[in-house]
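Q: Any chance you could fold what I've pasted below:
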Amino acid sequence: MNNQAPTDAPRAMSRLSEAVPPHAWFGVSAIFHYLGPAFAVLLFPVVGVLGVAWFRIASAACVFAPFTKPWHTFKRSTVRERILLATLGACLAVMNSAFYLALDQLPISLVAAIEFVGTIGLALWGLRTGRNSLAFACAIIGVALLIDVPSLLAADGPALNADLLGLFWAALNGLLFVLYIILGHKISEAGASGGVERLGAAMMAAFIFVMPIGFLQALDAFGAPLLVLAGMGVGICSSVIPYVCDQLAMACLPRASFALLLSLLPATATIIGLIVLRQIPSVMDILGVALVMIGVAIHKPAPIPVQMATQDKIT
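A: Just a heads-up that it's a prediction; the model follows:
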């Protein structure tokens with residue numbers, strides 16, 4: 001991007017990023033990463049799954065726009081940067097839709113666990129070590145325990161179809177979550193303020209991509225102001241708070257440290273599922289979550305490109 005003087009909002013974002021420890025930013029992100037979706041599940045019966053996904057992205061785009069001015073970001077970006085922003089936008093739109101479609105069929109702890117199989121698999125692909133192989137095995141076994149494979153094989157009819165469909169959406173969400181992590185680090189290379197500006201532009205692109213996916217379902221909710229406010233609240237809790245905190249954390253944390261902190265998310269999802277959605281985990285579920293957490297904690301990310309080395313040496 002062209003070098004321009006930052007606006008007051010991005011400058012304040014940079015100061016905020018430096019004033020607060022990056023681990024604290026990640027802690028806030030870890031809570032809201034699944035708190036917002038848990039609230040979204042409560043809206044599914046009245047707004048529709050894809051309608052809630054539209055509200056999530058639309059409200060986030062509206063919140064970001066006045067502060068990040070995405071039209072300016074796109075205008076002064078290179079063609080390559082515009083492609084990056086559009087790709088991240090498409091990723092966010094489809095990932096959030098798939099995530100909600102999975103939550104409509106499966107417990108939030110299982111969906112969260114499946115998200116991290118792809119992350120560990122990517123590390124194993126880029127760095128084939130015994131440590132990463134063990135991490136991948138832990139994650140796979142943990143997810144298998146959460147799925148309860150024997151019960152799945154014993155099911156038939158509508159129950160089996162619903163479970164398989166939910167697993168498909170969860171797997172798609174997991175693959176796109178890997179892409180989000182990769183692209184999120186790419187846009188965070190500009191620092192905290194530049195990363196949030198680019199995130200706002202990507203969210204505007206996501207809003208365009210999600211229009212044909214969920215707008216018609218969301219349209220039915222506009223006759224009830226409380227539902228609209230609830231949908232906006234889901235967007236702020238799900239996309240604004242965690243994504244901004246992710247950028248603030250990524251701008252200061254090495255990728256290895258960020259990957260280690262990600263091991264907290266399966267536990268966060270399980271706790272929030274218990275408190276908000278009354279999804280009580282069994283002993284096998286807790287063991288499965290623990291194995292996924294161990295897999296995420298012990299895996300070692302693949303080596304980073306040389307141009308990112310300076311950023312990733314920041315401690």
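Q: per-residue confidence at the spatially closest residue to A144 that is not a sequence neighbour?
A: In space, and not counting its chain neighbours, A144 is closest to G288: 7.5 Å by CB to CB, 6 or more residues apart in numbering. Where C-beta positions appear, they are placed from N, C-alpha and C, glycine not excepted. Predicted confidence (pLDDT) at G288: the value is 92.
Q: Then T7?
A: The model's pLDDT for T7 equals 50.
Q: Where does pLDDT dip in the protein?
A: Scanning the chain with the threshold set as pLDDT under 70 gives 1-19, 153, 155, 188-195, 255-256, 301-315.
Q: how close does S257 get to G48?
A: 39 Å (CB to CB, to the nearest Å).
Q: what about those two, which has more around it?
A: G48 (21 against 18; other CB atoms under 10 Å).
Q: ok, the residue nearest to A144 - contacts?
A: Counting by CB atoms under 8 Å, 6 or more residues apart in numbering, G288 touches A113, I141, G142, V143, A144, L145, L146.
Q: Could you point out the member of the residues you listed that lies closest to F177?
A: A113 (11.5 Å; CB to CB).
Q: which residue packs closest to the closest one, ignoring adjacent ones?
A: V292 (4.4 Å).
Q: got the contact list for that neighbour?
A: A113, F116, V117, C138, A139, G142, V143, L146, P266.
Q: Give me the helices and strands touching the helix or strand where P150 lies, please.
A: Take DSSP states H and E as the rule and P150 turns out to sit in helix 149-154. Packing contacts for helix 149-154, counted by 3 or more CB pairs under 8 Å, 6 or more residues apart in numbering; DSSP states H and E, involve no helix or strand.
Q: Past that helix, which element shows up next along the chain?
A: helix 157-187.
Q: Quick one: distance of the helix or strand just after that following helix to the chain centre.
A: Following helix 157-187 in sequence order, the next helix or strand is helix 191-219 (DSSP H and E). With CA atoms, centre = their mean, to the nearest Å as the basis, helix 191-219 stands 13 Å off its chain's centre.
Q: helices and strands around the very next helix or strand once past helix 191-219, which ones?
A: Sequence order places helix 225-235 as the next helix or strand after helix 191-219, per DSSP H and E. On a contact count with 3+ CB pairs under 8 Å, 6+ apart, helix 225-235 meets helix 22-47, helix 49-68.
Q: And the contacts of helix 225-235?
A: Contacts for helix 225-235 (CB under 8 Å, 6+ apart): 36-37, 39-40, 43, 46-47, 51-52, 55-60, 63, 218, 221-222.
Q: what's the angle between it and helix 22-47?
A: Using axes from the mean of the first three to the mean of the last three CA atoms, to 10 degrees, the inter-axis angle of helix 225-235 relative to helix 22-47 is 150 degrees.
Q: in helix 225-235, what's buried?
A: For helix 225-235, the neighbour count (16 or more other CB atoms under 10 Å) marks L227, V228, A230, G231, M232, G233, V234, G235 as buried.
Q: now the fourth one: how far from V149?
A: What that stands for is G231. 36 Å.
Q: What of the first one?
A: Here the criterion is CB to CB. By it, L227 lies 38 Å from V149.
Q: tell me which element the closest residue to L146 other than its chain neighbours falls in.
A: Distances taken as CB to CB, 6+ apart put G288 closest to L146, at 3.9 Å, once the chain neighbours are dropped. Using DSSP H and E, G288 sits within helix 283-298.
Q: how about that helix: buried residues?
A: D285, G288, V289, A290, L291, V292, M293, I294, G295, V296.
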